[in-house]
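okay, sequence plus prediction incoming.
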Amino acid sequence: MRILLTTRGSAGHVTPLAPFGHAALRAGHDVLVAAQGQHAGNVARAGLPFAPFGEPPPEQWMPLLADFAQMDMARANAVMIGDYFAGMDTAAALPGLTSIVEDWRPDVIVRECWEFASTLVAEQRGIPLVRVALGLAAVEELTIGLAAAALDGARAGLGLPPDPAGDRLRDTPFLTTIPESFEDPAAPAPRIVHRFRHAVSADAPPLPDWWPGNDDPLVYLTFGSVTAGTHLPYFPAFYRAAIDALAPLRVRVLLTIGDRRDPADLGPLPANVHVEEWVSQDAVAPHAAVLVGHGGHGTTLGALAHGVPQVVVPLFSVDQWANAAAIARAGAGVALDAERRSVLGRPGPETMDALGAAVQRVLDDPSHRHEAQRIAGAMRALPPADAALAVLSSAARRAPGASPARP
């Protein structure tokens, strides 16, 4: 088979697709990742072949940030999904993605759930489509509802029938690495759902001795690959506030900030705090007593896969609040999610003052690690990503007018 993976391309969007791409390569299939050109490095880091498509210019999307600062979370999420992902991103991606599909002729397209141009190209050309979760099923259902109206304008321009309720978005196989026990029991499940094991590295070498003579519990402090970006208001002030909240504890703190900022901007560091731009979460998590994060999909699942309890401070996306609530619901950590601020507002003093106590609570109460390890066991019991190839082959065979999928 020829399997085209489509994604916006930021690290948190590429990572959920990568295990399925590598499974296909191991089985001898042809794989290509189509993403915004600006994110070529993230695809290269994932070790997958890359083809670029277009992205909206900064002068088109930057004004949204000023508007976001005045919005509550629900309104900002509606604008981000509808106007940005389903609107600007889709319009910019369509020409390049259409060319990629025409030239490469995939047997099946596998998209991450916040990339929408592929849904239009696939329907136009009768190519089967499979979607990969970027979060809980409840978030996917919310996303479909917000994207459908914006996509209907693009559908009309391409001569496709309207889909105002998003039924065509729902009616595709849904691949996820979230175990059923972590989902919101009140949310409807996708009609066609397949669950697979979250891939983690089997071996974790010792960390460098960044804290000579100190063997206190390790707190891994990470807010993902986007939060420190220059287009967001969190670095360095929010990062420094988190450092100051954790440094008084008897812990070692490893903070990663991504490769877009200078660690020196954080100022002098306490002796028990070390900063790196990038460290593999799989390398850190086996050594961590607690992970402090923002509730991003990859960060949350990566910690759970290693059985690491979490303290979650959601920041700027509705899925982060959903993941924080899921961590608290499962008993696998503490959610500092009570503060409902504007979407780009930094957490206030009350939240930051509670951070140190929340970490200490997780360290002192073994039930949090027990529940995180229970979820890790449920994740390990799922089939590996290699088993998803049967889903992709079945989808390719069912395509209208499909010939047998290429081996």
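Right, received. Where do you want to start?

and the contacts of the lowest-mean-pLDDT helix or strand in the chain?
Ranked by mean pLDDT, DSSP states H and E, the weakest helix or strand in the chain is helix 58-68, scoring a mean of 79. The contact list for helix 58-68 (Cβ atoms under 8 Å, 6 or more residues apart in numbering) reads 76, 79-80, 83-84, 88, 231, 342-344. From N, CA and C alone the C-beta is placed, and that goes for glycine too.

any idea how many residues pack against the residue lying closest to Phe235 once chain neighbours are set aside?
Counting by Cβ to Cβ, 6 or more residues apart in numbering, Phe235 lies nearest to Ala228, which is 4.1 Å off, once chain neighbours are set aside. Residues near Ala228, counting by other Cβ atoms under 10 Å, number 21.

correct me, but Ala228 touches Phe238?
No. Applying Cβ atoms under 8 Å, one finds Ala228 not in contact with Phe238, separated by 9.2 Å.

now the helices: where do they sit in the stretch 151-300 of the chain?
167-170, 237-246, 281-284, 297-305 (DSSP state H, counting those that start in this stretch).

and Pro173, what's its pLDDT?
Note on Pro173: pLDDT of 96.

how close does it get to Asp89?
23 Å (Cβ to Cβ, to the nearest Å).

hmm, back to that, redo the contacts of helix 58-68 as JSON lines? Include pLDDT.
Shown next, in JSON lines, are those (pLDDT from 0 to 100):
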{"residue": "Ala76", "pLDDT": "86"}
{"residue": "Val79", "pLDDT": "89"}
{"residue": "Met80", "pLDDT": "89"}
{"residue": "Asp83", "pLDDT": "91"}
{"residue": "Tyr84", "pLDDT": "91"}
{"residue": "Met88", "pLDDT": "95"}
{"residue": "His231", "pLDDT": "81"}
{"residue": "Ser342", "pLDDT": "71"}
{"residue": "Val343", "pLDDT": "73"}
{"residue": "Leu344", "pLDDT": "77"}
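
now these: which count as buried?
With neighbours counted by 16 or more other Cβ atoms under 10 Å, these contain buried members at 76, 79-80, 83-84, 88, 343-344.

so of the residues you listed, which ones are in helices?
76, 79 (DSSP state H).

dump the buried ones among the contacts of helix 58-68 to TSV, plus distance to Val219.
Shown next, in TSV, are the buried ones among the contacts of helix 58-68 (distance: Cβ to Cβ, whole Å):
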residue	distance to Val219
Ala76	30
Val79	34
Met80	30
Asp83	37
Tyr84	33
Met88	38
Val343	27
Leu344	26
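
max pairwise distance over the buried ones among the contacts of helix 58-68: which two?
For the buried ones among the contacts of helix 58-68, the farthest-apart pair by Cβ to Cβ is Met88 and Leu344; their separation is 18.0 Å.
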